[in-house]
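Novice: This is the structure alone, sequence omitted:
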C-alpha cells in the first residue's frame, strides 16, 4: 500500500479550509445586502403610509374658480323619523254600496253610466218586475171594485129615501161592500207604493187603467258609479251577485301599502300619512292609518297597511301607484349639510370638502345618516361651525382626479 507524504496532505487541508471561508464570507455578505434592501423597502412603505395618513388630499382654487362652489358653516336640521312604502289607491269599500233591486225582474233601461256622479235617490236603472205587475193589477182591480161599490151605495141611498124604498138590510150591505172595497184599494195602493211608485203615478195608473211595469231602482247614496254590470234584458235578483250597479262615496279613498315585516312594529292606528302619486307630482294627499292587517304574506314577508286618504275633488283613481310617508317618531335634531356638499367615492365612502381660508379645500371622509329636503345628516367627520362646501363638491373632486392646467 502506497503512503502519501505528510507534507502534501497538510497542503491540501489548508487549501480546503481557505475555500470554505471564502464561500461563507460571500453568503454572509449577500444576506446582509438583502436584509438591508428589505428594511429599506419597509421603511419607505411606512413613510409613504404615514404621509398619506397625515396629508389628506387638498385643492387650491383661484379666484375665478370660487364662483363654481358655495361655502357655508356646518349647521343642524330637524330630520323627521319616517317610513316609506309603495302601494295602490282603491275605493273605500266601507263607503261603497251594491245597488240591487228589491224584487227580481228583467232590466229594461239603464240610466247612469260608469263613472257618473249621482245624487241620493237618483234613478240608476229600471226593471220589468212580475211582482210589480201583479201589485198594479190588484190595484186597478181594487180601484174598479171601489168605484162600483161606491156607485151601488149611492143608488141604494137614493132608493132608500124615495117612495120606492129598499130594505134596510140591502142598504147596510151596500155600505159594507163599499167600506170593504175602500180598504182593499188602500192596501193595494200601499203595495204599489212599496215598489217606489209615487201617489201621482198611482192616481194616473188608476185613471188610465194601464199598468206601468217599469220598476225604478234608485241610488241609496250620493256618490260615483264605480261599477256597472247592467244591460237591457239581464235578469236580476235581490242579493244575487254581481250587482247591476255599485255606487261609492269617493271623497275618501284607500291607500293599500305593503311594508316589510321587520318594520311593522313602527305603525299604529291613527298615525298621519302623506301620500304622493306619479299623476300629481309635488302634490300631497293627507290621511291616517285605519287598519293594519293581521296576516303576513309568506312569500314576501310583508304586512299590508291601509290608510284613509281625503280626496274631496276625486282626483285619485283606483289602481294608481302611490308612495306613502308616515312619521313614526319625533324629529331628530342633528348635524347636517346640504346634499350637494356630499360626494360618493367609487369605493362607496362619502366625503366632504372643508376649508378655513376659503381658498384651500381639504377632502374629509364622513359618515352620513338621514336625508330630507336636500339635507344630509352627518354622523361623523364634521363639527358644527366648520366651513364646508355646500354646493359644488363634485367640482372639487373632479379637480382632484384631473386638475385643470393653467
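Specialist: Great, that's in hand. Not measured: the values here are computed from a predicted model. Numbering: from 1, shown residues only.
Novice: Going by C-alpha atoms from here, please, whenever you check contacts or count neighbours.
Specialist: Will do.
Novice: Output the below-cut-off pLDDT ranges for the chain.
Specialist: Scanning the chain for pLDDT under 70 picks out 1-54, 163-166, 402-406.
Novice: So it: which segments form each domain?
Specialist: If you go by automatic domain parsing, the domain ranges for the chain are 58-79+331-401, 86-92+248-329, 105-246.
Novice: right, and those domains - which one's nearest residue 98?
Specialist: With CA to CA as the criterion, residue 98 lies closest to domain 105-246 of those, at 4.3 Å.
Novice: How far does the closest one stretch from one end to the other?
Specialist: End-to-end distance for domain 105-246, by CA to CA, to the nearest Å: 18 Å.
Novice: and what of stretch 236-256?
Specialist: 33 Å.
Novice: In that stretch, which residues are buried?
Specialist: If you call a residue buried by 16 or more other CA atoms under 10 Å, then stretch 236-256 has these buried ones: 236-237, 242-256.
Novice: cool, stretch 112-126 as well?
Specialist: The neighbour-count criterion (16+ other CA under 10 Å) identifies 112, 113, 117, 118, 122, 123, 124, 125, 126 as the buried residues of stretch 112-126.
Novice: Residues contacting that stretch, please?
Specialist: Contacts with stretch 112-126, where a contact means CA atoms under 8 Å, 6 or more residues apart in numbering, come from 107-111, 214-228, 245.
Novice: and with 6 Å instead?
Specialist: For stretch 112-126, the external contacting residues (CA atoms under 6 Å, 6 or more residues apart in numbering) are 107-111, 214-226, 228.
Novice: same question, stretch 332-347
Specialist: Outside stretch 332-347, the residues within contact range by CA under 6 Å, 6+ apart are 74-79, 350-352, 374-378, 389-391, 393.
Novice: got it, and stretch 302-311?
Specialist: Contacts of stretch 302-311 (CA under 6 Å, 6+ apart): 251-261, 286-293, 296.
Novice: Ok, stretch 93-104 next?
Specialist: Applying CA under 6 Å, 6+ apart, the external contacts of stretch 93-104 come out as 217, 236, 237, 238, 243, 245, 246, 247, 248, 249.
Novice: now it, how far from the centre of its chain.
Specialist: What separates the centre of stretch 93-104 from the centre of its chain is 27 Å, taken as CA atoms, centre = their mean, to the nearest Å.
Novice: Going forward, count from 493.
Specialist: Sure, I'll start numbering at 493, so the last one becomes stretch 585-596.
Novice: buried stuff in it?
Specialist: For stretch 585-596, the neighbour count (16+ other CA under 10 Å) marks 588, 589, 590, 591, 592, 593, 594, 595, 596 as buried.
Novice: Downstream of the helix or strand that the third one is a member of, the next helix or strand is which one?
Specialist: Under DSSP states H and E, the secondary-structure element containing residue 590 is strand 588-591. Next helix or strand after strand 588-591 toward the C-terminus (DSSP H and E): strand 597-602.
Novice: tell me the strands in the stretch 693-842 of the chain, going along the chain?
Specialist: In the stretch 693-842 of the chain, the segments counted as strands under DSSP state E, counting those that start in this stretch are 706-710, 715-720, 727-728, 737-740, 744-752, 764-769, 777-784, 794-802, 813-830, 835-836, 842-847.
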